[in-house]
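> 3D, please:
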Amino acid sequence: MKTNKKDRSSHDREWQLQEAKNRLSQVVDQALHDGPQTITLRGKPAAVLLSFDEYRNLTRPHTGLSQFFRQSPLHDVELDVSRSADLSREVEL
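Coordinates of the predicted model:
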């Protein structure tokens, strides 16, 4: 019987660095099916391996660009976006 991701303790998903190196395929497989895998160095958490889908969910913007600007504390500041009427300068090449 396969254990459910929620039934596994965080200790079950912890790998010593040397073991993670030796069993990388298994660590990756478990990250894909069971969630993030913690890799320890000298007994302390050092890194986390997670599926690309989980990484993408963590790093994608949660709001669109227009929504971001609407929520900005500077959303009602008037900007001068007019162009200068000055002629361009001549450059000798």
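> Pull the number of nearby residues for residue 16.
Residues near residue 16, counting by other C-beta atoms under 10 Å, number 14. C-beta: built from backbone N, CA, C; applies to glycine.
> From residue 91, how far out is the most centrally placed residue in the chain?
Ranked by distance to the mean C-alpha position of the chain (C-alpha atoms, centre = their mean), the top residue is residue 59 at 3.4 Å. As judged by C-beta to C-beta, to the nearest Å, residue 59 and residue 91 stand 43 Å apart.
> Tell me which residues touch the residue nearest to the centre of the chain, please.
Listed by C-beta atoms under 8 Å, 6 or more residues apart in numbering, the contact set of residue 59 is empty.
> helices or strands next to the longest helix along the chain in the packing?
Ranked by residue count and defined by DSSP state H, the top helix of the chain is helix 24-34. On a contact count with 3 or more C-beta pairs under 8 Å, 6 or more residues apart in numbering; DSSP states H and E, helix 24-34 meets strand 37-41, strand 44-49.
> closest to residue 76 out of the ones you listed?
Minimum separation from residue 76 across the helices and strands packed on helix 24-34 (C-beta to C-beta) falls at strand 44-49, 40.5 Å.
> what's the angle from whichever helix or strand comes after that closest one to helix 24-34?
Reading on from strand 44-49 to the C-terminus, the next helix or strand found by DSSP states H and E is helix 52-59. Orientation check (axes from the mean of the first three to the mean of the last three C-alpha atoms, to 10 degrees): helix 52-59 against helix 24-34 gives 60 degrees.
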